[in-house]
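Trainee: Sharing a sequence plus its predicted fold:
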Amino acid sequence: MKSPFLLTLCAALATTLVALPSCSKKQAPPTVGNEEATTTPPAYKALADVPEADRTALDAFAKKLEQDLKDGNAAGVKAAFNLKGIISKILSGVQTSGPDMDKFRLGLNQGLRQNLDHLVKTWAEQQVTYKHLVIHEGMPKPRFRFSSDTMGTILLDFTVEKDSEGKLGIVDFYNQVLGSGMVEQSRQAALPALAEMDKSFMKRLFDKPNTKLEDIEKFGKLSDKFRQQDHKGVVEVYNSMPTEMKSNITANAMYLGALQAAGDMEGYKKALQASANQYTSANFQFKLVDLYYMEKNYDKAIECLDGFMAALEQDAELLSWKGQLQVAKGEPALAATTIREALALEPKNTEVHAQGLDVFLAAKDFEAAATSMKFLESTGKYNFKDSLKDPLWAEFLQSPASLPWR
């Protein structure tokens, strides 16, 4: 079984422009330097409440972004981002101005551009799907799925707003797997510098005003080590942090990601076990699929995966991984039913058909396997003729369904 779960955490962090933990519990006043705060958009409970013109514009924006991503149009993808809007959100609540702030803005702009280059390159190497519009945090947002054999499956909700000229642009995105937003994490990356320029910023931002700057700086160091793929360094910095900061969900995620990437599966397993009772969100429960998969506790792994989808939505690719777990559990017939559910959602999803082959063969549903094989060959990326020599194909080749490939 090819499992995406051991890849999920690093993939989630890799899709964030600046990966640093969120430790803010209070919202600072919505001002940036001497600029006026932007008008807070109305909160919606359902898509039907959003004006049709806004929904239509957002949908068209998302479809263009999807096409640019599929075409490898890096310039088009970059143009979809509103860097000025992102910077305004990162600096929300900072009450200072002057030459130092001007230099900081310039540096932040340059850093975001460099990170955006990396992000676009990462996305270009994955399969991208614009799923639909959703309501997230009271706002209509396009939901995208990014997936690959090496990066697992990631769901991102994009915050898209109009600039002063009425042009739509991305000003944030929320990673549903990581449970955190790009602006929030970028903001934390900037905390040490912002605290130096605005001495009262830390008191306004944190529940505990006596938070030490040196502890905040460890967040920055942790992020730097993670981006540099210095996995040992991430573990060392994390272990030096105060208990309260260690328990931060994103700091913990980087620690887990470093253990993963370093191949320390025993350490990773122990860290997951230590965190299992501390975090109850659907996002974190999804990460626990790793733990239960390694323990071969497939019931709990499936329970966590189902919980994540129940909190978010049924997803064809996640259902296909559920089918793989059901096969591992010894329930191939039930797994085949799960794959059919996935294909009902997305009949032309190549990844689901490919994953479904293993399931259908295990369930001895050779007609379904043949149907998926024909679809996969129609894409021009697969050719099963004369390549079915593995023993797992033996029974299939004895069935009438295999006639086209004999």
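Mentor: Sure thing, it's come through.

Trainee: Buried ones in the top helix by length along the chain, by neighbour count?
Mentor: Criterion DSSP state H: the longest helix present in the chain is helix 99-124. If you call a residue buried by 16 or more other Cβ atoms under 10 Å, then helix 99-124 has these buried ones: Met101, Phe104, Arg105, Leu108, Leu112, Asn115, Leu116, Leu119, Val120, Trp123. Where you see a C-beta, it was placed from the backbone N, CA and C, and this is true even at glycine.

Trainee: Next: stretch 139-157.
Mentor: 139-148, 151-157.

Trainee: for stretch 340-349, same thing?
Mentor: Arg340, Glu341, Ala342, Leu343, Glu346, Asn349.

Trainee: ok, how many other residues are close to the residue lying closest to the third one once chain neighbours are set aside?
Mentor: Looking back up the chat, that one is Ala342. Beyond its immediate neighbours in the sequence, the residue positioned closest to Ala342 (Cβ to Cβ, 6 or more residues apart in numbering) is Leu319, lying 3.8 Å away. By the other Cβ atoms under 10 Å criterion, the neighbourhood of Leu319 contains 24 residues.

Trainee: which SS class is Leu319?
Mentor: At Leu319 the chain is in helix, as set by DSSP: H, G, I helix; E, B strand; the rest coil.

Trainee: tell me the contacts of Glu317?
Mentor: Arg145, Ser147, Thr153, Ala342, Glu346, Asn349, Glu351, Val352, Gln355 (Cβ atoms under 8 Å, 6 or more residues apart in numbering).

Trainee: which of the residues you listed lies closest to Gly93?
Mentor: Nearest to Gly93 out of these is Arg145 (Cβ to Cβ; 32.3 Å).

Trainee: Just the CA atoms of stretch 330-344, as CSV, please.
Mentor: The C-alpha trace of stretch 330-344 is given here as CSV (Å, rounded to 0.1, in the frame of the first residue of the first chain):
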residue,chain,number,x,y,z
GLY,A,330,-8.8,-7.1,5.4
GLU,A,331,-12.1,-5.7,4.1
PRO,A,332,-11.7,-5.6,0.3
ALA,A,333,-15.4,-5.7,-0.5
LEU,A,334,-16.1,-2.7,1.7
ALA,A,335,-13.0,-1.0,0.2
ALA,A,336,-14.4,-1.5,-3.3
THR,A,337,-17.6,0.2,-2.2
THR,A,338,-15.6,3.2,-0.9
ILE,A,339,-13.8,3.5,-4.2
ARG,A,340,-17.1,3.5,-6.1
GLU,A,341,-18.2,6.4,-3.8
ALA,A,342,-15.0,8.2,-4.7
LEU,A,343,-15.5,7.7,-8.4
ALA,A,344,-19.1,8.9,-8.1
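
Trainee: Run through who's touching that stretch.
Mentor: With contacts defined as Cβ under 8 Å, 6+ apart, stretch 330-344 is touched by 314, 316-317, 319-320, 322-327, 349, 352-353, 355-356, 359-360, 362-365, 368.

Trainee: run the last query once more with 6 Å
Mentor: 316, 319-320, 322-323, 326-327, 352, 356, 359-360, 362-363, 365 (Cβ atoms under 6 Å, 6 or more residues apart in numbering).

Trainee: what does stretch 396-406 give?
Mentor: In this structure, residues lying in contact with stretch 396-406 by Cβ under 6 Å, 6+ apart are Phe366, Glu367, Ala370, Phe384, Lys385.

Trainee: try 10 Å this time
Mentor: For stretch 396-406, contacts defined as Cβ atoms under 10 Å, 6 or more residues apart in numbering pick out 357, 360-361, 364-371, 373-374, 377, 383-389, 393, 395.

Trainee: If anything else comes up later, I'll come back, but that's it for now.
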